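Visitor: would you be able to build a 3D model of this:
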Amino acid sequence: MAKPEQFKFRRIDQIGALDAQQDGVYLPHCFIDTGDIDVLLDCRDPRRIVVGRTGSGKTALMRRIAEKVDRVSVLQPEHLALNYISNSTILRFVHGLGVKLDPFFRLLWRHVLIVEILRGHSGIVSKDSKANFLERLYERVAGKPIQVTKFKRAMDYLEKFGGEFWQDTEHRIKEVTETVEKDIKAAVSIPGGSLLSVGAEASGHLSTVEKQEIVTRAQTVVNRIQVRELTEMLEVLDAVLDDPQQRYYVLVDRLDEDWVDDHLRYGLIRALIETVREFHKIRHAKVIVALRLDLLDRVFTATRDAGFQQEKYETELLRIRWTREGLTRVLDSRINHLVKRTYTNKLVTHRDVLPAKVGRQPTIDYMLERTLMRPRDLIQFFNECIQQAEDKPVIIEKAVRAAEGEYSRGRLGSLADEWFTEFPNLMMLKELFKNRASVFAVGDISSSEVEDYCLQSLTQSKFKGTDQISEAAGEVIDRQMEPRAFVLNAIELMYRIGFIGLKLDATQPMVWSVDGRRSISTAEITESTKVQIHRCFWRVLGIADRSNESEGVESGHSKG
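Guide: Presented below is the predicted three-dimensional model:
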């Protein structure tokens, strides 16, 4: 082990922040490109929706693209004033009655994206520059295959829905929403009052016939929203961006944050996905969206309609996956940047500061097998190691093991946070897995254990609110669900989130959702199915480390 000259770890040292938004010191210098950037910057490649779990590097990838290209707009939903929609009395009223707002949401996204590209590409910043742009555009388009009548209709659309489109995106969203509100108000009459003055509670005073009449009229307004003009706007945009050397990109990130009410957020995200798919018609522009994997699942579940086929979206998805080699490069680049910033210009890697082995296993393998194959996990583990090595030039084996305890607790908490929206009681299930063998059979979780767990959780008020887990526990106590069914559902859920791996039968290897096979049904799980708790959580759950014993314990992920 070659020690860097005069180097000692300090308590304040770290190799980066866990949130890419806050990682300004390391990310610009230590970004590792695994080929995803070239895919996303290729306008001919259909992959434009970046999907990954929390901490997999989606935001880092988007930030790198924004730094790499000159012609780019970055849209963040919290800056789009989309709460203006959820606060709209008219839209909330008709939506509460059952009016499907999907066409409006798609109009909104198409309009925002089209105008953003036009404004960014042409440098429109005022009324005069807009007029000059439209004049030049007409001269250019007149000689193109696009018909002049289509062009005029597209320009009429811009005037109606975006007469001042040099204004910021927030202004344009309000402009479009107000136009739609006005059309709905004109088409719908409310007995005894104005549509502007009613709230969702007013629906309780309407008869069934009156409600149906309102829904029919409002839905008609929403359904006829400028579909033809929008299609023609895409043709105009393609004609404008006719230079392959002048490609334009729009990046949309941070959709997992609380930028609008959930009941509208899922509809808006689904509409964005549908809209982004339409933009493949523009040869030299690309809209790139980053989405958390669990959020994408919730969106598809909440907005699923007749004829929905999830597989048809796979063409547009770019799933972020990391190999051991890639994650090792992430770690080495950050260690090297930490050391050379203050101490030396010599290249320093994990081999220079970590012990060769932990137990009988190479240290880098030991650490990687305790991650969910995400950069954030490895960064957090090494940051914890630094805390145990204060004033020392290297990290010894004892320090790695001590750091693992804090890291394991942190990862369990992060997993709970990641899935809190859908399963606020997720971490209650950990009680069924504490102090077990590293590999055990599903049948080892007895019915009496399940009944005791459900009874204690309910009687001691340990559950936080209501979710699928707390409801199932109540059904077990009320004898409406068999304890074995509870176990199978719990195993399926914990597999899906990466907490456990499953060996379905003796002829198959242990499989993990973090390796790509995300879907396993309860019908595939039997009493003899082997369960392995991910090593990431062994310390916090009191699982004995028997990785050097011949018990068939398999890695928490493949070595791909």
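
Visitor: where do the strands of the stretch 151-300 of the chain begin and end?
Guide: Shown for the stretch 151-300 of the chain, the strands assigned by DSSP state E, counting those that start in this stretch span residues 248-252, 285-292.

Visitor: so can I have TSV of these showing mean neighbour count, mean pLDDT and distance to Ile386?
Guide: For glycine as for every other residue, the C-beta is placed from the backbone atoms N, C-alpha and C. Formatted as TSV, these follow (neighbours: other Cβ atoms under 10 Å; pLDDT from 0 to 100; distance: least, Cβ to Cβ, whole Å):
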stretch	mean neighbour count	mean pLDDT	distance to Ile386
strand 248-252	23	95	33
strand 285-292	23	96	28
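
Visitor: need these in TSV with distance to Phe151, can you?
Guide: Formatted as TSV, the strands of the stretch 151-300 of the chain follow (distance: least, Cβ to Cβ, whole Å):
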stretch	distance to Phe151
strand 248-252	20
strand 285-292	18
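
Visitor: check which element follows the helix or strand harbouring Met494 along the chain.
Guide: Secondary structure from DSSP states H and E places Met494 in helix 483-496. Later in the chain than helix 483-496, the nearest helix or strand by DSSP H and E is strand 500-503.

Visitor: just checking, what packs against that next one?
Guide: Applying 3 or more Cβ pairs under 8 Å, 6 or more residues apart in numbering; DSSP states H and E, we find strand 500-503 packed against helix 483-496, strand 530-533.

Visitor: check contacts around Arg47.
Guide: 39-40, 315-318 (Cβ atoms under 8 Å, 6 or more residues apart in numbering).

Visitor: just the ones in helices from those, please.
Guide: 39-40 (DSSP state H).

Visitor: adding distance to Ala186, write the contacts of Arg47 out as TSV.
Guide: As requested, these are exported to TSV (distance: Cβ to Cβ, whole Å):
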residue	distance to Ala186
Val39	46
Leu40	43
Thr315	40
Glu316	37
Leu317	41
Leu318	43
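
Visitor: select only the buried ones of the contacts of Arg47 in PyMOL?
Guide: Per 16 or more other Cβ atoms under 10 Å, the buried members of the contacts of Arg47 correspond to this PyMOL selection:
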select buried, resi 40+316+317+318
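
Visitor: now the residue nearest to the spatial centre of the chain: closest residue in space that isn't a chain neighbour?
Guide: Centroid check for the chain by Cα atoms, centre = their mean gives Arg292 as the closest residue, at 1.3 Å. Using Cβ to Cβ, 6 or more residues apart in numbering and skipping the chain neighbours, the partner closest in space to Arg292 is Asp256 (4.6 Å).

Visitor: thought the one you found was touching Arg298?
Guide: No. With contacts counted by Cβ atoms under 8 Å, Asp256 stays clear of Arg298, the gap being 10.0 Å.

Visitor: and after the helix or strand harbouring Leu331, which helix or strand comes next?
Guide: Take DSSP H and E as the rule and Leu331 turns out to sit in helix 324-342. Counting by DSSP H and E, the next helix or strand C-terminal to helix 324-342 is helix 350-353.

Visitor: how about that following helix: buried residues?
Guide: Buried, per 16+ other Cβ under 10 Å, within helix 350-353: 350, 352-353.

Visitor: what about that helix, distance to the chain center?
Guide: Distance, stretch centre to chain centre, for helix 350-353: 33 Å (Cα atoms, centre = their mean, to the nearest Å).

Visitor: next: stretch 418-434.
Guide: Distance of stretch 418-434 from the chain centroid (Cα atoms, centre = their mean) equals 19 Å.

Visitor: can I get the CA coordinates of that stretch in PDB?
Guide: Below are the C-alpha coordinates for stretch 418-434, written out as PDB (Å, rounded to 0.1, in the frame of the first residue of the first chain):
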ATOM      1  CA  GLU A 418     -37.300   6.300  -1.000                       C
ATOM      2  CA  TRP A 419     -40.500   4.300  -0.800                       C
ATOM      3  CA  PHE A 420     -42.300   6.400   1.900                       C
ATOM      4  CA  THR A 421     -44.900   7.800  -0.400                       C
ATOM      5  CA  GLU A 422     -46.200   4.400  -1.400                       C
ATOM      6  CA  PHE A 423     -45.400   2.500   1.800                       C
ATOM      7  CA  PRO A 424     -45.000   4.700   4.900                       C
ATOM      8  CA  ASN A 425     -44.900   1.500   7.000                       C
ATOM      9  CA  LEU A 426     -42.300  -0.300   4.900                       C
ATOM     10  CA  MET A 427     -39.600  -0.400   7.700                       C
ATOM     11  CA  MET A 428     -42.100  -2.100  10.000                       C
ATOM     12  CA  LEU A 429     -41.500  -5.200   7.900                       C
ATOM     13  CA  LYS A 430     -37.900  -5.300   8.900                       C
ATOM     14  CA  GLU A 431     -39.000  -6.900  12.200                       C
ATOM     15  CA  LEU A 432     -39.800 -10.100  10.300                       C
ATOM     16  CA  PHE A 433     -36.200 -10.300   9.100                       C
ATOM     17  CA  LYS A 434     -34.100  -9.400  12.200                       C
END
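
Visitor: any idea how far Trp538 is from Thr303?
Guide: The gap separating Trp538 from Thr303 is 38 Å, by Cβ to Cβ, to the nearest Å.

Visitor: whoops, Leu113 was the one
Guide: Leu113 is 19 Å from Thr303, by Cβ to Cβ.

Visitor: with neighbour numbers in mind, choose between these two.
Guide: Leu113 (25 against 17; other Cβ atoms under 10 Å).

Visitor: about what we covered before: list phi and psi for the residue nearest to Arg292.
Guide: Backbone torsions for Asp256, taken as degrees, to the nearest 10, come to phi -90, psi 0.

Visitor: mind listing what it touches?
Guide: For Asp256, the contacting residues are 291-292, 295, by Cβ under 8 Å, 6+ apart.

Visitor: let me have those residues in TSV, extended by distance to Leu458.
Guide: Below are the contacts of Asp256 laid out as TSV (distance: Cβ to Cβ, whole Å):
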residue	distance to Leu458
Leu291	35
Arg292	31
Leu295	30
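
Visitor: can you tell me which of these is closest to Cys385?
Guide: Cys385 lies nearest to Arg292 out of the contacts of Asp256, by Cβ to Cβ, at 27.5 Å.

Visitor: for the closest one, what are its contacts?
Guide: Residues near Arg292 by Cβ under 8 Å, 6+ apart: 51-54, 58, 255-256, 418.

Visitor: counting neighbours, which of those residues comes out on top?
Guide: Tallying neighbours with other Cβ under 10 Å puts Lys58 at the head of the contacts of Arg292, with 25 neighbours.

Visitor: that residue against Val50, yeah?
Guide: Yes. Counting by Cβ under 8 Å, Lys58 sits close enough to Val50 to count as a contact (5.2 Å).

Visitor: which neighbours do the two share?
Guide: Common neighbours of Lys58 and Val50 (Cβ under 8 Å, 6+ apart) are 290-291, 320.

Visitor: about what we covered before: I'd like the helices and strands packed on strand 500-503 as CSV, with mean pLDDT appended.
Guide: Output for those, formatted as CSV (pLDDT from 0 to 100):
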stretch, mean pLDDT
helix 483-496, 95
strand 530-533, 96
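
Visitor: deepest in the core, which of the ones you listed is it.
Guide: Using mean count of other Cβ atoms under 10 Å, the stretch among the helices and strands packed on strand 500-503 with the greatest mean number of neighbours is strand 530-533 (a mean of 22).

Visitor: elements contacting that one?
Guide: If contacts are counted by 3+ Cβ pairs under 8 Å, 6+ apart, strand 530-533 sits against strand 439-441, strand 500-503.

Visitor: the same query, at a cut-off of 10 Å, please.
Guide: Judged by 3 or more Cβ pairs under 10 Å, 6 or more residues apart in numbering; DSSP states H and E, the packing partners of strand 530-533 are strand 439-441, helix 483-496, strand 500-503.

Visitor: picking that back up, so what's in contact with Asp256 and Arg298 at the same time?
Guide: Each of 265, 269, 292, 421 lies in contact with both Asp256 and Arg298 under the rule Cβ atoms under 10 Å, 6 or more residues apart in numbering.

Visitor: now for those: which two are most distant?
Guide: Ile269 and Thr421 (13.2 Å).
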